[in-house]
Every structure is written in structure tokens, then in C-alpha cells.
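My questions are about this predicted structure, shown below with the sequence.
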Amino acid sequence: MQTVKMVISGAVNAGKTEFIRTISEIEVVSTERRATDDTRLIKKETTVAMDFGRIAISDDLVLHLFGTPGQKRFDFMWEILAEGMLGLVILVDSTRPETFRETNRIIDFFVSYRDTPYVIAANKQDRPNAWSPDELRLALRQPPHIKVLPCTATDRESVKNVLLELLYVIQERSED
Amino acid sequence: MALVGNIRDFSLSDFLSLVDRGYKTGALHLTYHDQTARLYFEKGKLLLAARRPEDEKPELLVRLGVLNVDQLAQACRVLAARGNGVTLSQVVIDVGMASPERLQSALMGHTEQSVYGLFAWPEGDFVFEHNQRPAPDAPLALTPISIDHLIMEGVRRIDEWERIRDRIPSTDLVPRFLAPPGEKLKGMRLSPDEWKVFARINGRDTLAEIAQKTGLSDFDVCRAVYGFLTAGMLELVKRQRVLAAGMPPVEQPRLKKSLVNRIINRIRSM
């Protein structure tokens, strides 16, 4: 059985757990705990370890989805999760510009030393005052070749679209 | 849809940079306690900055000494007669009440001073309304004002490491020009210290080395580089990447296209 891995990252409350939950075939394994720091202001419970989801591709191939912990004190987990990943989805809460700097820090961590295929998902596009993908590209200072995609993490088609767009990036880099 | 936020979280210089790079047209409304401000942009350049409602009125030209009251009344009559997208500033020039240089200089000075004051706000809600335009009789700059040097001035007023550290996490990083800086420098006014830093950027020296060679503090070097970064002139790269010129960064294992295609087909079918 071959296993491949994708990582879903983003700032606190970007929608990582929801994203994985929407597409995973198994009940998402999350370690949710009552938040003890300033994340409490944002949500009552937040991911302090990681989320894990799974999609069976065929009898001999499985795709694992890992959501990274959102809080800074769990940064050490990122290195472990990044090892051998197929690609990366960076989720952004499009309604909260105060998280854009943190998002840039995450992007920098994952892509500065690795040639990691990644896309940015502009989540919560269904909410009022969501910044559009074009505006997020400018705010996050992403070059034109990086895909910044509209996303609603609770909508299965939207999540599928983000994963497919990432897979197309990976496909371009893969060997015949 | 409007862009909404707070300059505590997404700074004014960052927002101006976004407007500049995105060639945005619209109005930025700022509120901090009982103070308000409104900035109008046309394709990423500044047309007008108003710290109070009167700054958007034709009478500003009298306050700035460009016109007297009678001239203003006449200009407003001509404007009303012409209509059709003509601005008050254009009428003032067309009827010879002021030279373009005099008008532009007065409005530009007023606009710049209005914006500089905003950088002192530690926080403030902002709303950017796309495509909202000023009234035809508003005293607009004849030539929209490039905001690169406004960004630099904003950065000069930053005195906290924290904000700079967000974009410059280490002085071991190497600043490198994204393109020859000639065009970007036009209209930008650099301080002597900024010039010192600017002249030392060679794509090889780290920020710490630039600080050593210029005799400036790490903070001063980082603040100058932060300004260049915000104005879109530079990128920061890690030294390893520079030393290993020609070598790609750590590569992910290459996958077989057939395997990727299988995953794509599966996701599509879900």
C-alpha cells in the first residue's frame, strides 16, 4: 500500500479542520482542546495537535491529509509534517486581514528551503467583507504563477477544486 | 466588495503598497476615535487626501492661496457649465487662474502632509470602496501622485521592531533587487541613511554585513530595507540559496505522472 501526503496549513481559525472534514472519507481525527491563549478570543476550541483525514485512491494507494497546528508554539510539528509531502494548501481567512502576516510567515517556513508545490485557498469567500483572491495575492505578495483560489471550506466542490488545482501544479512537475 | 480591516493589523504602508501594485481605483476611509480621513486613488495613484470634509471642497484652493474667492466662484460656474467629467482643477488651468505647476505643487504638498499624519495613528479601521470617486468639484491633483515615497515616509515613522521583524525575521538574510531599481526610484526621496543602505545592496551581503559596512544599527538597516520591500523593490533570500548559486533548493521527491493522474481522477469522481 502506497501512501502520499498533502499538508493543509494556515493561521488559527483559517478553516483547516473544516477543509479536511469536508473531503475526508473517514471521520477526521482531530486533537481539539480548549484554547488556553489568545486564540480563545477567536474560537472556543482550536487544533493544538493536528487533523488527519484520508482518501482512498485505489486498493494500493491512499492520500493522507494533515492539518497543521495553528498556534505558534506548535511550530516544531510543521517540520515533521512537511517531510515527504506531495504538496501544500495554505488556507487564509479572507475576512481577517490581521492574519495575513502570520500567513506569510507560514508560507515562508514551508517553501523557503523546499521546492514545495503549493496553492493558496482564499477561504470564507461566502462571508461579507471577504477579500477577493486577487486582493489576497497583493496582500500576501505572491507572484503571478502561484494560484490563489476562491474557497469555502464547508463546500465539497470548492475543496475538491482547491485540491485539484494543487494536483495540476504537482502534475506539471511530475515525471512521465 | 469593500476591503475592510484595521491598520493595526494591516499597516497603512502595506495597504498603500497594495493599492499601488493592484492599480486600484477607489476611496479609502479611515477612522481612529473621533478622527477620520478619506483618500481617493486612481489606478494606484493618489488623487486627494482629506483629513476633514472641508478638504474635499473647492474652498481648499482658497485656503491654500491658489485662488481668491471671486476666482473660485468663477471657476465653479465654468465647471457647472462644462460638466461631463471635467474637474475643477482642469478648469482652473484652462481659464488661466493658476499655472499647472503652482496648482500641482499646492495640492501635492497638502495631500502629502495629510497622509503623513495618518502614519502616526497606532490603529484605525479602514474601508476601501472600489471605484468610489471624488465629486467633480473636489480639488484633485492634476497629475495623480505616486505613492512610493509616501510608503517610504510611512516606514520612516515605524519605531517598533515587531512589525519589521514580521517581514525581516533575521539579519542573516540577503537583500536582492527584483529588477534594476531605476524606474522605481523616480519620485522617491531617500534619506542619507537609506542611500547608504541602498548603495550597499549587492545580492551577496547580509543585512548584518550591510549594518557593519555602513556603521548603521541593525534596526536602521532593517527599517530602510523594510521600506524597499514594502515599495516592491527588493526580495530577501537566504544566504544558503545565494551561496549555492545555480543549485535548486531541496527538491521534493519526483512523482510519476501516472500516480498523480490517478489521484486527480479519484478526486474528480468524489
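Ah, there it is.

Can you say which helix or strand has residue B:40 in it?
Taking DSSP states H and E as the definition, residue B:40 sits inside strand B:35-42.

Return the list of strands paired to that strand, each annotated with direction.
strand B:26-32 (antiparallel), strand B:45-50 (antiparallel) (DSSP bridges).

Show me the one of the ones you listed that comes nearest residue B:229.
strand B:45-50 (20.5 Å; C-beta to C-beta). From N, CA and C alone the C-beta is placed, and that goes for glycine too.

Which residues does the helix or strand just after the closest one contact?
Sequence-wise, the next helix or strand downstream of strand B:45-50 (DSSP H and E) is helix B:60-63. By C-beta atoms under 8 Å, 6 or more residues apart in numbering or on different chains, the residues outside helix B:60-63 that reach it are B:54, B:67-69, B:72, B:75, B:88, B:92, B:103, B:106, B:110, B:139.

Make a markdown table from these and add pLDDT to it.
Output for the contacts of helix B:60-63, formatted as a markdown table (pLDDT from 0 to 100):
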| residue | pLDDT |
| --- | --- |
| B:54 | 92 |
| B:67 | 95 |
| B:68 | 95 |
| B:69 | 95 |
| B:72 | 95 |
| B:75 | 94 |
| B:88 | 94 |
| B:92 | 95 |
| B:103 | 95 |
| B:106 | 94 |
| B:110 | 92 |
| B:139 | 94 |
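
which of these count as buried?
B:67, B:72, B:75, B:88, B:92, B:103, B:106, B:110, B:139 (16 or more other C-beta atoms under 10 Å in any protein chain shown).

Lowest mean pLDDT among the helices and strands, pick that one out for the chain.
Since you didn't name a chain, this refers to chain A. Ranked by mean pLDDT, DSSP states H and E, the helix or strand of chain A with the weakest confidence is strand A:29-34, at a mean of 60.

could you do chain B instead?
Scanning chain B with mean pLDDT, DSSP H and E, the lowest is helix B:239-243, at a mean of 54.

so is the residue in chain B positioned nearest to chain A in a helix, a strand, or just coil?
Closest contact between chain B and chain A, by C-beta to the nearest C-beta, is at residue B:9 (3.2 Å). Three-state call for residue B:9 (DSSP: H, G, I helix; E, B strand; the rest coil): coil.

just the helices in chain A please.
A:16-23, A:76-82, A:100-111, A:133-140, A:156-173 (DSSP state H).

Name the residues that touch the shortest one?
Counting by C-beta under 8 Å, 6+ apart, helix A:76-82 makes contact with A:7, A:9, A:49-50, A:66, A:68-69, A:88, A:106, A:109-110, A:114, A:116, all of which sit outside it.

Buried residues in it, which are they?
For helix A:76-82, using 16+ other C-beta under 10 Å, the buried residues are A:77-78, A:81-82.

Quick check: which ranges of chain B have low pLDDT?
B:180-188, B:240-254 (pLDDT under 70).

Now do stretch A:165-173, average pLDDT.
Averaging pLDDT along stretch A:165-173 gives 95.

Please put the alpha-carbon coordinates of that stretch into CSV.
C-alpha atoms of stretch A:165-173 as CSV (Å, rounded to 0.1, in the frame of the first residue of the first chain):
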residue,chain,number,x,y,z
GLU,A,165,-5.6,22.8,-8.7
LEU,A,166,-2.8,21.8,-6.4
LEU,A,167,-2.6,18.4,-8.1
TYR,A,168,-2.3,20.1,-11.5
VAL,A,169,0.7,22.0,-10.2
ILE,A,170,2.2,18.7,-8.9
GLN,A,171,1.3,17.1,-12.2
GLU,A,172,3.3,19.7,-14.2
ARG,A,173,6.4,18.8,-12.1
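
residues of that stretch that come out buried?
Those buried within stretch A:165-173 under the rule 16+ other C-beta under 10 Å are A:166-167, A:169-171.

Enumerate every residue touching the residue of chain A found nearest chain B.
Residue nearest to chain B within chain A: residue A:98 (3.2 Å; C-beta to the nearest C-beta). The neighbourhood of residue A:98, defined by C-beta under 8 Å, 6+ apart, consists of B:5-6, B:8-10.

Which among those count as buried?
For the contacts of residue A:98, buried by 16+ other C-beta under 10 Å: B:5-6, B:10.

And those residues, which is closest to residue B:222?
Nearest member of the buried ones among the contacts of residue A:98 to residue B:222, counting by C-beta to C-beta, is residue B:10, at 19.7 Å.

you'd agree the closest one is up against residue A:139?
Yes: using C-beta atoms under 8 Å, residue B:10 is in contact with residue A:139, at 7.0 Å.

hmm, who's touching the strand or helix carrying residue B:174?
Using DSSP H and E, residue B:174 sits within strand B:173-177. Strand B:173-177 is contacted from outside by B:201, B:203-207, B:210, B:225, B:228-229, B:233-239, B:242, using C-beta under 8 Å, 6+ apart.
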